[in-house]
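Student: dropping a prediction and its sequence here:
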Amino acid sequence: MPSEKLVKDFMRSLEHYSYIKEDETVQEAMRLMDKVRKEGTHPCLFVVGEEQYEKRFIKGFVTPSELVFGLSAHFLKGAQKSGPVFWEGQLEAECMEGLKKRVREIMVPVVACIRESNMLMEAVFLLNKYHIDFLPVVKRDDVVGMIHIHEISAYIAELALGIQHS
(Lines give C-alpha, C1' and ligand atoms only; values in the text may rest on other atoms or scores of the structure.)
Protein backbone atom coordinates (compact mmCIF):
# COMPACT_ATOMS: atom_id res chain seq x y z
CA MET A 1 0.00 0.00 0.00
CA PRO A 2 1.57 3.35 -1.02
CA SER A 3 2.01 5.95 1.70
CA GLU A 4 -0.16 9.04 1.57
CA LYS A 5 1.59 11.96 -0.08
CA LEU A 6 1.92 15.21 1.82
CA VAL A 7 1.25 18.74 0.63
CA LYS A 8 4.94 19.67 1.03
CA ASP A 9 5.80 17.04 -1.64
CA PHE A 10 3.81 18.97 -4.26
CA MET A 11 3.91 22.63 -3.28
CA ARG A 12 5.91 25.27 -5.09
CA SER A 13 8.05 27.58 -3.00
CA LEU A 14 7.33 31.31 -2.87
CA GLU A 15 10.28 32.10 -5.12
CA HIS A 16 8.22 30.81 -8.07
CA TYR A 17 5.72 33.66 -7.71
CA SER A 18 5.59 37.43 -8.12
CA TYR A 19 3.93 39.90 -5.78
CA ILE A 20 1.78 42.97 -6.36
CA LYS A 21 0.27 45.43 -3.89
CA GLU A 22 -3.51 45.49 -3.57
CA ASP A 23 -3.69 49.20 -4.45
CA GLU A 24 -1.79 48.85 -7.74
CA THR A 25 -3.79 49.21 -10.93
CA VAL A 26 -4.97 46.29 -13.01
CA GLN A 27 -2.80 47.73 -15.78
CA GLU A 28 0.26 47.20 -13.57
CA ALA A 29 -0.91 43.65 -12.84
CA MET A 30 -1.15 43.11 -16.61
CA ARG A 31 2.44 44.31 -17.06
CA LEU A 32 3.69 42.02 -14.31
CA MET A 33 1.67 39.05 -15.60
CA ASP A 34 3.11 39.60 -19.08
CA LYS A 35 6.64 39.56 -17.59
CA VAL A 36 5.83 36.39 -15.62
CA ARG A 37 4.49 34.69 -18.74
CA LYS A 38 7.60 35.60 -20.76
CA GLU A 39 9.86 34.27 -17.97
CA GLY A 40 7.95 30.99 -17.97
CA THR A 41 7.08 31.12 -14.26
CA HIS A 42 3.68 30.30 -12.80
CA PRO A 43 1.01 32.80 -13.96
CA CYS A 44 -0.25 33.75 -10.51
CA LEU A 45 0.47 36.98 -8.66
CA PHE A 46 0.34 37.14 -4.87
CA VAL A 47 -1.52 40.23 -3.65
CA VAL A 48 -0.07 41.82 -0.54
CA GLY A 49 -1.16 44.80 1.57
CA GLU A 50 0.05 48.36 1.35
CA GLU A 51 1.15 48.88 4.96
CA GLN A 52 4.60 47.76 6.07
CA TYR A 53 3.16 45.16 8.47
CA GLU A 54 0.85 43.81 5.72
CA LYS A 55 3.63 43.10 3.21
CA ARG A 56 4.22 39.71 4.84
CA PHE A 57 0.60 38.63 4.39
CA ILE A 58 -0.90 37.27 1.20
CA LYS A 59 -4.35 38.81 0.90
CA GLY A 60 -5.28 37.28 -2.42
CA PHE A 61 -4.26 36.16 -5.88
CA VAL A 62 -4.52 37.35 -9.44
CA THR A 63 -4.38 34.86 -12.29
CA PRO A 64 -5.06 35.34 -15.99
CA SER A 65 -8.72 34.53 -15.29
CA GLU A 66 -9.10 37.47 -12.90
CA LEU A 67 -7.43 39.76 -15.40
CA VAL A 68 -9.77 38.75 -18.23
CA PHE A 69 -12.99 38.57 -16.21
CA GLY A 70 -12.07 41.51 -13.97
CA LEU A 71 -11.57 43.75 -16.98
CA SER A 72 -14.96 42.87 -18.37
CA ALA A 73 -16.88 42.60 -15.08
CA HIS A 74 -19.17 45.53 -15.92
CA PHE A 75 -20.31 43.85 -19.14
CA LEU A 76 -20.59 40.41 -17.54
CA LYS A 77 -22.85 41.70 -14.73
CA GLY A 78 -25.13 43.42 -17.25
CA ALA A 79 -25.22 40.35 -19.49
CA GLN A 80 -26.41 38.20 -16.57
CA LYS A 81 -29.35 40.52 -15.96
CA SER A 82 -30.55 41.36 -19.46
CA GLY A 83 -28.65 39.03 -21.75
CA PRO A 84 -25.54 39.80 -23.76
CA VAL A 85 -25.43 42.58 -26.31
CA PHE A 86 -22.24 42.80 -28.35
CA TRP A 87 -20.85 45.58 -30.52
CA GLU A 88 -17.69 46.21 -32.46
CA GLY A 89 -14.83 47.37 -30.27
CA GLN A 90 -16.61 46.32 -27.08
CA LEU A 91 -13.79 44.13 -25.71
CA GLU A 92 -11.25 46.90 -26.24
CA ALA A 93 -13.51 49.50 -24.59
CA GLU A 94 -14.22 47.25 -21.59
CA CYS A 95 -10.52 46.47 -21.19
CA MET A 96 -9.42 50.10 -21.33
CA GLU A 97 -11.94 51.02 -18.64
CA GLY A 98 -11.04 47.97 -16.52
CA LEU A 99 -7.32 48.79 -16.53
CA LYS A 100 -8.05 51.68 -14.15
CA LYS A 101 -9.38 49.36 -11.45
CA ARG A 102 -7.32 48.43 -8.41
CA VAL A 103 -5.99 44.91 -7.96
CA ARG A 104 -8.06 44.48 -4.78
CA GLU A 105 -11.21 44.84 -6.92
CA ILE A 106 -10.44 41.80 -9.07
CA MET A 107 -8.28 39.56 -6.85
CA VAL A 108 -9.41 36.24 -5.46
CA PRO A 109 -9.18 36.63 -1.68
CA VAL A 110 -7.51 33.96 0.40
CA VAL A 111 -10.32 31.79 1.76
CA ALA A 112 -8.29 28.87 3.10
CA CYS A 113 -4.76 27.62 3.59
CA ILE A 114 -3.23 24.26 4.33
CA ARG A 115 -0.28 23.08 6.40
CA GLU A 116 2.64 21.56 4.53
CA SER A 117 2.37 18.46 6.73
CA ASN A 118 -1.26 17.77 5.74
CA MET A 119 -2.16 14.91 3.44
CA LEU A 120 -2.61 15.69 -0.24
CA MET A 121 -6.24 14.52 -0.06
CA GLU A 122 -6.93 17.36 2.38
CA ALA A 123 -5.75 19.83 -0.25
CA VAL A 124 -8.07 18.21 -2.79
CA PHE A 125 -10.94 18.55 -0.30
CA LEU A 126 -10.28 22.27 0.30
CA LEU A 127 -9.78 23.08 -3.38
CA ASN A 128 -13.13 21.46 -4.12
CA LYS A 129 -14.92 22.97 -1.13
CA TYR A 130 -13.96 26.53 -2.05
CA HIS A 131 -13.97 26.07 -5.86
CA ILE A 132 -10.40 27.36 -6.15
CA ASP A 133 -7.31 26.17 -8.01
CA PHE A 134 -4.63 26.94 -5.42
CA LEU A 135 -3.98 27.16 -1.70
CA PRO A 136 -1.29 28.91 0.33
CA VAL A 137 0.83 26.38 2.19
CA VAL A 138 1.84 27.29 5.72
CA LYS A 139 4.49 26.06 8.13
CA ARG A 140 3.80 27.25 11.65
CA ASP A 141 2.33 30.71 10.92
CA ASP A 142 4.31 31.55 7.78
CA VAL A 143 3.31 31.03 4.17
CA VAL A 144 6.06 28.88 2.64
CA GLY A 145 4.57 27.97 -0.71
CA MET A 146 1.56 27.27 -2.84
CA ILE A 147 -0.15 24.09 -3.95
CA HIS A 148 -1.96 24.26 -7.26
CA ILE A 149 -4.48 21.94 -8.84
CA HIS A 150 -1.99 21.43 -11.71
CA GLU A 151 0.51 19.68 -9.42
CA ILE A 152 -2.21 17.43 -8.04
CA SER A 153 -3.53 16.70 -11.53
CA ALA A 154 -0.04 15.78 -12.73
CA TYR A 155 0.34 13.37 -9.80
CA ILE A 156 -3.03 11.75 -10.54
CA ALA A 157 -1.98 11.36 -14.19
CA GLU A 158 1.23 9.68 -13.02
CA LEU A 159 -0.83 7.29 -10.89
CA ALA A 160 -3.14 6.52 -13.78
CA LEU A 161 -0.22 5.87 -16.13
CA GLY A 162 1.77 3.87 -13.60
CA ILE A 163 4.61 6.39 -13.32
CA GLN A 164 6.34 6.69 -9.93
CA HIS A 165 6.45 10.21 -8.39
CA SER A 166 9.63 11.08 -6.52
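Tutor: The structure has been received and is ready for your questions.

Student: can you give me the helices for this structure?
Tutor: Listed from the start of the chain, the chain has helices (DSSP state H) covering 26-39, 64-71, 73-82, 90-98, 103-106, 120-130, 149-161.

Student: show me what contacts R102?
Tutor: With contacts defined as C-beta atoms under 8 Å, 6 or more residues apart in numbering, the neighbours of R102 are 22-26. For glycine as for every other residue, the C-beta is placed from the backbone atoms N, C-alpha and C.

Student: so which of those wins on neighbours?
Tutor: Of all those, the most densely surrounded is V26 (24 neighbours; neighbours counted as other C-beta atoms under 10 Å).

Student: report how many residues lie close to I156.
Tutor: Using other C-beta under 10 Å as the criterion, I156 is surrounded by 12 other residues.

Student: could you check how far it is from L45?
Tutor: 26 Å (C-beta to C-beta, to the nearest Å).

Student: most tightly surrounded among the helices of the chain?
Tutor: The highest mean neighbour count among the helices of the chain, using mean count of other C-beta atoms under 10 Å, belongs to helix 103-106: a mean of 20.

Student: what's that one packed up against?
Tutor: Helices and strands in packing contact with helix 103-106 are listed as helix 26-39, strand 45-48, strand 58-62, helix 64-71; criterion 3 or more C-beta pairs under 8 Å, 6 or more residues apart in numbering; DSSP states H and E.
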